[in-house]
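[1] have a look at this prediction, sequence included:
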Amino acid sequence: MNVLKKCFPSVILSKRSASKNLVAMLLVTMLLAACGDDGSTGSPTGVKDDESSSSVEESSSSVAKSSSSSSVIPDSDRGSSSSSSAKASSSSSNVISSEAERSSSSAKSSSSSSVTLSGGSAGVEGSSSSVAKSSSSSAKSSSSSAKSSSSSVKVSSSSEYVPFNHSVTLAGEFEVGEDAYKQFVDERNGRSYYYITIAGKDTSGNPNSVTVMAENLNIGEMVRGIKEQSDDTKIERYCYKNDTTRCDMYGALYQWAEMMQLPSSCNTESCADKIEPNHQGICPDGWRLLTYNDFYTIWHANTNDEGVKGLRSSYFSGSNYTGYSLLGSGIREKEGNFTNIGMGEFWYYPVEREYEGDAGSYVQTNSLGTSSIEAPGSNSLGSKTYGRSVRCVKLETEE
(Lines give C-alpha, C1' and ligand atoms only; values in the text may rest on other atoms or scores of the structure.)
Protein backbone atom coordinates (compact mmCIF):
# COMPACT_ATOMS: atom_id res chain seq x y z
CA MET A 1 0.00 0.00 0.00
CA ASN A 2 2.91 2.22 0.74
CA VAL A 3 4.27 1.45 -2.65
CA LEU A 4 0.96 2.35 -4.18
CA LYS A 5 0.96 5.58 -2.27
CA LYS A 6 4.47 6.21 -3.40
CA CYS A 7 3.77 5.51 -7.03
CA PHE A 8 0.28 6.87 -7.28
CA PRO A 9 -0.35 9.32 -4.53
CA SER A 10 -2.79 11.30 -6.48
CA VAL A 11 -4.82 8.18 -7.25
CA ILE A 12 -4.86 6.90 -3.66
CA LEU A 13 -5.73 10.32 -2.35
CA SER A 14 -8.42 10.78 -4.88
CA LYS A 15 -10.09 7.29 -4.43
CA ARG A 16 -10.96 7.33 -0.79
CA SER A 17 -14.68 6.58 -1.10
CA ALA A 18 -15.66 3.10 0.16
CA SER A 19 -18.08 2.57 -2.62
CA LYS A 20 -15.30 2.70 -5.11
CA ASN A 21 -12.65 0.63 -3.26
CA LEU A 22 -13.25 -2.51 -5.29
CA VAL A 23 -12.86 -0.85 -8.58
CA ALA A 24 -9.74 0.79 -7.26
CA MET A 25 -8.26 -2.52 -6.14
CA LEU A 26 -8.80 -4.06 -9.56
CA LEU A 27 -7.08 -1.14 -11.16
CA VAL A 28 -4.22 -1.40 -8.65
CA THR A 29 -3.76 -5.11 -9.44
CA MET A 30 -3.54 -4.35 -13.09
CA LEU A 31 -1.09 -1.60 -12.48
CA LEU A 32 1.10 -3.79 -10.21
CA ALA A 33 1.42 -6.20 -13.00
CA ALA A 34 2.59 -3.42 -15.22
CA CYS A 35 5.06 -2.01 -12.65
CA GLY A 36 6.72 -5.34 -11.78
CA ASP A 37 9.33 -5.72 -9.05
CA ASP A 38 11.07 -2.41 -9.90
CA GLY A 39 8.29 -0.39 -8.42
CA SER A 40 10.27 0.05 -5.24
CA THR A 41 13.10 1.93 -7.05
CA GLY A 42 10.92 4.91 -7.73
CA SER A 43 11.97 5.19 -11.34
CA PRO A 44 8.50 5.80 -12.48
CA THR A 45 8.25 8.36 -9.78
CA GLY A 46 11.47 9.92 -11.04
CA VAL A 47 10.08 9.98 -14.54
CA LYS A 48 6.87 11.31 -13.25
CA ASP A 49 8.90 13.86 -11.22
CA ASP A 50 10.80 14.80 -14.33
CA GLU A 51 7.60 15.13 -16.22
CA SER A 52 6.11 16.97 -13.35
CA SER A 53 9.20 19.16 -13.15
CA SER A 54 9.05 19.61 -16.87
CA SER A 55 5.41 20.33 -16.61
CA VAL A 56 6.01 22.77 -13.83
CA GLU A 57 8.96 24.21 -15.71
CA GLU A 58 6.81 24.64 -18.73
CA SER A 59 4.10 25.96 -16.54
CA SER A 60 6.65 28.15 -14.80
CA SER A 61 7.99 29.26 -18.13
CA SER A 62 4.47 29.84 -19.20
CA VAL A 63 3.80 31.68 -16.03
CA ALA A 64 7.01 33.63 -16.49
CA LYS A 65 5.96 34.51 -19.97
CA SER A 66 2.55 35.26 -18.74
CA SER A 67 4.03 37.13 -15.80
CA SER A 68 6.00 39.31 -18.15
CA SER A 69 2.72 40.74 -19.15
CA SER A 70 0.67 40.24 -16.00
CA SER A 71 3.32 39.79 -13.25
CA VAL A 72 0.81 37.54 -11.36
CA ILE A 73 1.50 33.82 -10.71
CA PRO A 74 -1.68 31.57 -10.70
CA ASP A 75 -2.33 29.77 -7.41
CA SER A 76 -2.61 26.39 -9.20
CA ASP A 77 1.07 26.53 -10.13
CA ARG A 78 2.44 27.44 -6.72
CA GLY A 79 2.27 24.06 -4.85
CA SER A 80 2.75 21.32 -7.46
CA SER A 81 6.07 20.05 -5.93
CA SER A 82 9.12 21.35 -4.10
CA SER A 83 11.05 21.52 -7.37
CA SER A 84 8.10 23.04 -9.06
CA SER A 85 7.70 25.44 -6.19
CA ALA A 86 11.40 26.33 -6.25
CA LYS A 87 11.40 26.79 -9.97
CA ALA A 88 8.16 28.60 -9.79
CA SER A 89 9.66 30.72 -7.01
CA SER A 90 12.78 31.23 -9.08
CA SER A 91 10.55 31.98 -12.00
CA SER A 92 8.59 34.29 -9.80
CA SER A 93 11.82 35.98 -8.76
CA ASN A 94 12.78 36.23 -12.37
CA VAL A 95 9.38 37.60 -13.11
CA ILE A 96 9.76 40.10 -10.32
CA SER A 97 13.25 40.87 -11.55
CA SER A 98 11.88 41.08 -15.02
CA GLU A 99 9.10 43.25 -13.76
CA ALA A 100 11.65 45.42 -11.96
CA GLU A 101 13.64 45.64 -15.15
CA ARG A 102 10.51 46.51 -16.98
CA SER A 103 9.75 49.05 -14.28
CA SER A 104 13.30 50.36 -14.63
CA SER A 105 12.87 50.30 -18.36
CA SER A 106 9.59 52.04 -17.91
CA ALA A 107 11.30 54.59 -15.68
CA LYS A 108 14.06 55.02 -18.26
CA SER A 109 11.46 55.27 -20.94
CA SER A 110 9.59 57.75 -18.83
CA SER A 111 12.81 59.62 -18.08
CA SER A 112 13.75 59.46 -21.72
CA SER A 113 10.29 60.55 -22.64
CA SER A 114 10.53 63.29 -20.09
CA VAL A 115 13.88 64.39 -21.48
CA THR A 116 12.48 64.22 -24.95
CA LEU A 117 9.53 66.28 -23.94
CA SER A 118 11.68 68.88 -22.23
CA GLY A 119 14.57 68.90 -24.67
CA GLY A 120 13.99 66.73 -27.71
CA SER A 121 10.43 67.29 -28.69
CA ALA A 122 10.28 69.81 -31.45
CA GLY A 123 7.07 71.24 -30.11
CA VAL A 124 8.31 71.54 -26.57
CA GLU A 125 11.78 72.51 -27.69
CA GLY A 126 10.26 75.14 -29.86
CA SER A 127 8.19 76.26 -26.94
CA SER A 128 11.25 76.23 -24.70
CA SER A 129 13.22 77.98 -27.38
CA SER A 130 10.36 80.35 -27.84
CA VAL A 131 10.26 80.98 -24.10
CA ALA A 132 14.04 81.36 -24.07
CA LYS A 133 13.90 83.65 -27.04
CA SER A 134 10.99 85.46 -25.48
CA SER A 135 12.92 85.68 -22.24
CA SER A 136 16.00 86.76 -24.14
CA SER A 137 13.91 89.17 -26.12
CA SER A 138 12.34 90.36 -22.91
CA ALA A 139 15.78 90.68 -21.37
CA LYS A 140 17.02 92.52 -24.43
CA SER A 141 13.91 94.59 -24.41
CA SER A 142 14.46 95.23 -20.74
CA SER A 143 18.10 95.98 -21.46
CA SER A 144 17.04 98.18 -24.35
CA SER A 145 14.50 99.82 -22.10
CA ALA A 146 17.19 100.32 -19.48
CA LYS A 147 19.51 101.75 -22.13
CA SER A 148 16.66 103.87 -23.44
CA SER A 149 15.92 104.98 -19.89
CA SER A 150 19.66 105.55 -19.27
CA SER A 151 19.77 107.39 -22.60
CA SER A 152 16.63 109.26 -21.56
CA VAL A 153 18.23 110.07 -18.14
CA LYS A 154 21.44 111.12 -20.03
CA VAL A 155 19.42 113.22 -22.43
CA SER A 156 17.39 114.55 -19.50
CA SER A 157 20.60 115.22 -17.61
CA SER A 158 22.14 116.98 -20.57
CA SER A 159 18.89 118.85 -21.34
CA GLU A 160 18.10 119.87 -17.76
CA TYR A 161 19.47 123.26 -18.64
CA VAL A 162 18.29 124.74 -21.91
CA PRO A 163 20.53 127.61 -23.10
CA PHE A 164 18.92 130.90 -22.27
CA ASN A 165 17.10 132.61 -25.12
CA HIS A 166 18.36 136.19 -24.95
CA SER A 167 15.81 137.42 -27.45
CA VAL A 168 13.22 137.46 -24.65
CA THR A 169 15.18 140.19 -22.84
CA LEU A 170 15.27 142.49 -25.86
CA ALA A 171 13.02 145.43 -26.66
CA GLY A 172 10.12 145.01 -29.06
CA GLU A 173 9.38 146.78 -32.33
CA PHE A 174 7.24 149.30 -30.49
CA GLU A 175 10.22 150.45 -28.41
CA VAL A 176 13.08 150.38 -30.93
CA GLY A 177 11.54 149.71 -34.33
CA GLU A 178 11.61 146.72 -36.67
CA ASP A 179 14.81 144.72 -37.19
CA ALA A 180 16.75 146.89 -34.76
CA TYR A 181 18.83 143.97 -33.49
CA LYS A 182 21.50 142.03 -35.32
CA GLN A 183 23.66 139.13 -34.21
CA PHE A 184 27.38 138.66 -33.97
CA VAL A 185 29.30 135.41 -33.30
CA ASP A 186 32.45 135.57 -31.22
CA GLU A 187 34.85 133.21 -32.99
CA ARG A 188 36.77 132.57 -29.78
CA ASN A 189 34.04 130.44 -28.26
CA GLY A 190 31.23 130.47 -30.83
CA ARG A 191 28.90 132.45 -28.60
CA SER A 192 26.35 134.64 -30.35
CA TYR A 193 25.45 138.13 -29.16
CA TYR A 194 22.61 140.48 -30.03
CA TYR A 195 23.69 144.05 -30.68
CA ILE A 196 21.92 147.29 -31.56
CA THR A 197 22.78 150.77 -32.82
CA ILE A 198 21.44 153.47 -30.50
CA ALA A 199 21.33 157.11 -31.56
CA GLY A 200 21.27 159.90 -28.97
CA LYS A 201 23.37 162.74 -27.52
CA ASP A 202 26.78 162.53 -25.87
CA THR A 203 28.02 164.28 -22.75
CA SER A 204 28.54 167.47 -24.75
CA GLY A 205 24.99 167.43 -26.07
CA ASN A 206 26.10 166.51 -29.55
CA PRO A 207 24.36 163.90 -31.63
CA ASN A 208 26.05 160.58 -31.31
CA SER A 209 25.40 156.93 -32.03
CA VAL A 210 26.72 153.79 -30.43
CA THR A 211 26.61 150.24 -31.77
CA VAL A 212 26.66 148.21 -28.60
CA MET A 213 26.04 144.67 -27.42
CA ALA A 214 22.58 144.15 -25.95
CA GLU A 215 24.02 141.40 -23.74
CA ASN A 216 26.85 141.21 -21.24
CA LEU A 217 30.07 139.58 -22.40
CA ASN A 218 30.64 135.91 -21.52
CA ILE A 219 34.10 134.62 -22.35
CA GLY A 220 36.86 132.77 -20.48
CA GLU A 221 37.44 129.94 -18.04
CA MET A 222 35.42 130.06 -14.85
CA VAL A 223 37.25 130.46 -11.54
CA ARG A 224 35.51 130.25 -8.19
CA GLY A 225 34.53 133.45 -6.47
CA ILE A 226 37.00 132.96 -3.61
CA LYS A 227 39.92 133.19 -6.05
CA GLU A 228 41.46 136.16 -7.80
CA GLN A 229 41.62 136.28 -11.58
CA SER A 230 45.39 136.04 -11.47
CA ASP A 231 46.35 133.81 -14.37
CA ASP A 232 47.59 136.25 -17.01
CA THR A 233 47.93 133.53 -19.68
CA LYS A 234 44.18 133.23 -20.25
CA ILE A 235 40.87 135.00 -19.80
CA GLU A 236 39.20 134.11 -16.52
CA ARG A 237 35.62 134.79 -15.49
CA TYR A 238 33.34 134.60 -12.48
CA CYS A 239 29.85 133.11 -12.74
CA TYR A 240 27.35 134.15 -10.12
CA LYS A 241 27.43 131.63 -7.27
CA ASN A 242 29.93 129.64 -9.38
CA ASP A 243 27.07 128.55 -11.64
CA THR A 244 27.85 128.61 -15.37
CA THR A 245 24.16 128.79 -16.25
CA ARG A 246 24.13 132.21 -14.60
CA CYS A 247 26.92 133.25 -16.94
CA ASP A 248 24.80 132.10 -19.86
CA MET A 249 21.86 134.24 -18.85
CA TYR A 250 23.48 137.25 -17.18
CA GLY A 251 26.98 137.20 -18.65
CA ALA A 252 30.22 136.78 -16.75
CA LEU A 253 31.77 138.97 -14.06
CA TYR A 254 35.33 140.32 -14.31
CA GLN A 255 37.85 142.16 -12.20
CA TRP A 256 39.12 145.40 -13.73
CA ALA A 257 42.57 144.15 -14.83
CA GLU A 258 40.94 141.07 -16.41
CA MET A 259 38.47 143.23 -18.30
CA MET A 260 41.32 145.44 -19.50
CA GLN A 261 43.42 142.38 -20.43
CA LEU A 262 46.25 143.77 -18.36
CA PRO A 263 48.49 142.00 -15.82
CA SER A 264 46.60 141.06 -12.67
CA SER A 265 48.98 143.29 -10.71
CA CYS A 266 47.09 146.25 -12.21
CA ASN A 267 44.31 145.50 -9.73
CA THR A 268 46.47 146.84 -6.92
CA GLU A 269 48.73 149.33 -8.66
CA SER A 270 48.28 152.07 -11.21
CA CYS A 271 48.36 151.05 -14.87
CA ALA A 272 47.07 154.33 -16.33
CA ASP A 273 49.92 154.38 -18.82
CA LYS A 274 48.68 151.10 -20.27
CA ILE A 275 45.19 152.35 -21.07
CA GLU A 276 44.67 153.00 -24.78
CA PRO A 277 42.03 154.95 -26.71
CA ASN A 278 39.30 152.56 -27.84
CA HIS A 279 40.74 150.02 -25.42
CA GLN A 280 39.81 146.53 -26.60
CA GLY A 281 40.47 144.60 -23.41
CA ILE A 282 38.71 141.19 -23.52
CA CYS A 283 36.25 142.29 -26.21
CA PRO A 284 36.32 140.47 -29.56
CA ASP A 285 38.37 141.88 -32.40
CA GLY A 286 36.64 144.90 -33.92
CA TRP A 287 35.06 145.78 -30.60
CA ARG A 288 36.14 147.94 -27.65
CA LEU A 289 35.19 148.48 -24.03
CA LEU A 290 32.22 150.70 -23.16
CA THR A 291 33.05 154.24 -21.96
CA TYR A 292 31.01 156.64 -19.88
CA ASN A 293 30.34 158.75 -22.98
CA ASP A 294 28.90 155.64 -24.68
CA PHE A 295 26.68 155.01 -21.69
CA TYR A 296 25.54 158.63 -21.63
CA THR A 297 24.59 158.46 -25.31
CA ILE A 298 22.56 155.29 -24.68
CA TRP A 299 20.83 156.84 -21.69
CA HIS A 300 19.94 159.87 -23.79
CA ALA A 301 18.73 157.80 -26.73
CA ASN A 302 16.29 159.44 -29.09
CA THR A 303 13.76 156.69 -28.39
CA ASN A 304 14.00 156.95 -24.60
CA ASP A 305 11.70 159.20 -22.64
CA GLU A 306 11.76 157.22 -19.38
CA GLY A 307 15.26 157.94 -18.14
CA VAL A 308 17.13 155.05 -16.50
CA LYS A 309 14.03 152.85 -16.66
CA GLY A 310 14.47 152.86 -20.43
CA LEU A 311 17.93 151.30 -19.95
CA ARG A 312 16.63 148.19 -18.20
CA SER A 313 15.09 145.14 -19.78
CA SER A 314 11.59 144.13 -18.77
CA TYR A 315 13.41 141.24 -17.04
CA PHE A 316 14.96 143.91 -14.83
CA SER A 317 11.90 146.05 -14.06
CA GLY A 318 12.46 148.33 -17.04
CA SER A 319 10.68 149.60 -20.13
CA ASN A 320 13.77 149.13 -22.34
CA TYR A 321 13.00 152.08 -24.62
CA THR A 322 16.68 152.33 -25.47
CA GLY A 323 16.99 148.65 -26.46
CA TYR A 324 20.09 148.39 -24.24
CA SER A 325 18.42 145.58 -22.25
CA LEU A 326 20.28 145.76 -18.94
CA LEU A 327 19.82 142.75 -16.64
CA GLY A 328 20.38 142.56 -12.90
CA SER A 329 23.56 140.49 -13.11
CA GLY A 330 24.67 141.09 -9.54
CA ILE A 331 28.25 141.51 -8.37
CA ARG A 332 31.16 139.53 -6.99
CA GLU A 333 32.49 141.31 -3.92
CA LYS A 334 36.21 141.51 -3.30
CA GLU A 335 35.94 138.98 -0.45
CA GLY A 336 34.60 136.45 -2.93
CA ASN A 337 30.88 136.60 -2.12
CA PHE A 338 28.14 137.11 -4.72
CA THR A 339 25.18 139.39 -4.20
CA ASN A 340 22.38 141.46 -5.79
CA ILE A 341 21.47 139.21 -8.72
CA GLY A 342 18.21 140.41 -10.21
CA MET A 343 18.52 143.60 -8.17
CA GLY A 344 21.55 145.42 -9.47
CA GLU A 345 23.77 145.87 -12.52
CA PHE A 346 27.41 146.88 -12.04
CA TRP A 347 30.13 147.67 -14.58
CA TYR A 348 33.57 149.22 -14.98
CA TYR A 349 34.94 151.83 -17.35
CA PRO A 350 38.49 151.74 -18.72
CA VAL A 351 39.54 154.69 -16.55
CA GLU A 352 41.47 154.83 -13.26
CA ARG A 353 40.45 157.21 -10.47
CA GLU A 354 42.46 158.42 -7.54
CA TYR A 355 40.86 158.01 -4.15
CA GLU A 356 42.41 159.36 -0.96
CA GLY A 357 45.85 159.35 -2.52
CA ASP A 358 45.46 155.82 -3.87
CA ALA A 359 45.73 156.04 -7.64
CA GLY A 360 45.93 152.33 -8.28
CA SER A 361 43.06 150.57 -6.54
CA TYR A 362 40.02 152.47 -7.79
CA VAL A 363 38.41 153.04 -11.15
CA GLN A 364 35.37 154.68 -12.65
CA THR A 365 32.29 152.53 -12.25
CA ASN A 366 28.52 152.71 -12.56
CA SER A 367 25.61 150.71 -11.27
CA LEU A 368 21.85 150.61 -11.53
CA GLY A 369 19.27 149.00 -9.32
CA THR A 370 15.66 148.04 -9.89
CA SER A 371 14.54 151.19 -8.08
CA SER A 372 17.04 153.59 -9.66
CA ILE A 373 15.41 156.70 -11.08
CA GLU A 374 18.57 158.63 -11.90
CA ALA A 375 21.55 157.52 -13.97
CA PRO A 376 24.88 157.41 -12.10
CA GLY A 377 27.32 160.23 -12.59
CA SER A 378 30.77 160.08 -14.12
CA ASN A 379 32.59 160.34 -10.79
CA SER A 380 31.47 157.03 -9.30
CA LEU A 381 34.36 154.97 -7.91
CA GLY A 382 34.86 151.31 -7.19
CA SER A 383 37.52 148.80 -6.23
CA LYS A 384 39.27 146.99 -9.06
CA THR A 385 38.96 143.59 -7.39
CA TYR A 386 35.18 143.33 -7.52
CA GLY A 387 33.65 141.21 -10.28
CA ARG A 388 31.46 143.28 -12.61
CA SER A 389 29.71 142.94 -15.98
CA VAL A 390 31.28 144.02 -19.31
CA ARG A 391 29.68 145.48 -22.43
CA CYS A 392 31.49 145.96 -25.75
CA VAL A 393 31.00 148.65 -28.40
CA LYS A 394 31.59 148.12 -32.11
CA LEU A 395 34.38 150.24 -33.49
CA GLU A 396 32.56 151.08 -36.71
CA THR A 397 29.00 152.25 -36.55
CA GLU A 398 28.36 151.65 -40.25
CA GLU A 399 27.67 148.14 -41.46
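    Cool, got the structure.

[2] residues contacting Tyr315?
    By C-beta atoms under 8 Å, 6 or more residues apart in numbering, the residues touching Tyr315 are Val168, Thr169, Leu327, Gly328. The way it works is simple: take the backbone N, C-alpha and C, and place the C-beta from them, glycine included.

[3] as JSON lines, those residues with secondary structure and neighbour count would be great.
    Below are these laid out as JSON lines (DSSP: H, G, I helix; E, B strand; the rest coil; neighbours: other C-beta atoms under 10 Å):
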{"residue": "Val168", "secondary structure": "helix", "neighbour count": "10"}
{"residue": "Thr169", "secondary structure": "helix", "neighbour count": "22"}
{"residue": "Leu327", "secondary structure": "coil", "neighbour count": "21"}
{"residue": "Gly328", "secondary structure": "coil", "neighbour count": "22"}
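
[4] would you confirm that Glu352 belongs to a strand?
    Yes: assessed by DSSP: H, G, I helix; E, B strand; the rest coil, Glu352 belongs to a strand.

[5] quick check, it in contact with Ile275.
    Yes: Glu352 is in contact with Ile275 according to C-beta atoms under 8 Å; the separation is 7.2 Å.

[6] show me which of those two is the more surrounded one.
    Neighbour count, other C-beta atoms under 10 Å: between Glu352 and Ile275, Glu352 has more, with 23 against 16.

[7] what about the spatially closest residue to the more buried one that is not a sequence neighbour, neighbour count?
    Counting by C-beta to C-beta, 6 or more residues apart in numbering, Glu352 lies nearest to Ala272, which is 4.9 Å off, once chain neighbours are set aside. Neighbours of Ala272 under the rule other C-beta under 10 Å: 13.

[8] go on, Tyr161?
    By other C-beta under 10 Å, 11 other residues sit near Tyr161.

[9] and for Leu217?
    Quick note: Leu217 (other C-beta under 10 Å) scores 27 neighbours.

[10] would you list the phi and psi of it?
    phi -70, psi 140 (degrees, to the nearest 10).

[11] between the two ends of stretch 283-292, how far is it?
    17 Å (C-alpha to C-alpha, to the nearest Å).

[12] no no, stretch 247-265
    First residue to last in stretch 247-265 (C-alpha to C-alpha) measures 25 Å.

[13] repeat for stretch 212-223
    This stretch, stretch 212-223, spans 27 Å end to end (C-alpha to C-alpha).

[14] cool, stretch 310-320 as well?
    Using C-alpha to C-alpha, one end of stretch 310-320 lies 4 Å from the other.

[15] and that stretch, what's buried?
    Gly310, Leu311, Arg312, Ser313, Tyr315, Phe316, Gly318, Ser319, Asn320 (16 or more other C-beta atoms under 10 Å).

[16] can you put these in JSON lines and add distance to Asn206?
    Shown next, in JSON lines, are those (distance: C-beta to C-beta, whole Å):
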{"residue": "Gly310", "distance to Asn206": "20"}
{"residue": "Leu311", "distance to Asn206": "20"}
{"residue": "Arg312", "distance to Asn206": "25"}
{"residue": "Ser313", "distance to Asn206": "28"}
{"residue": "Tyr315", "distance to Asn206": "32"}
{"residue": "Phe316", "distance to Asn206": "29"}
{"residue": "Gly318", "distance to Asn206": "26"}
{"residue": "Ser319", "distance to Asn206": "25"}
{"residue": "Asn320", "distance to Asn206": "25"}
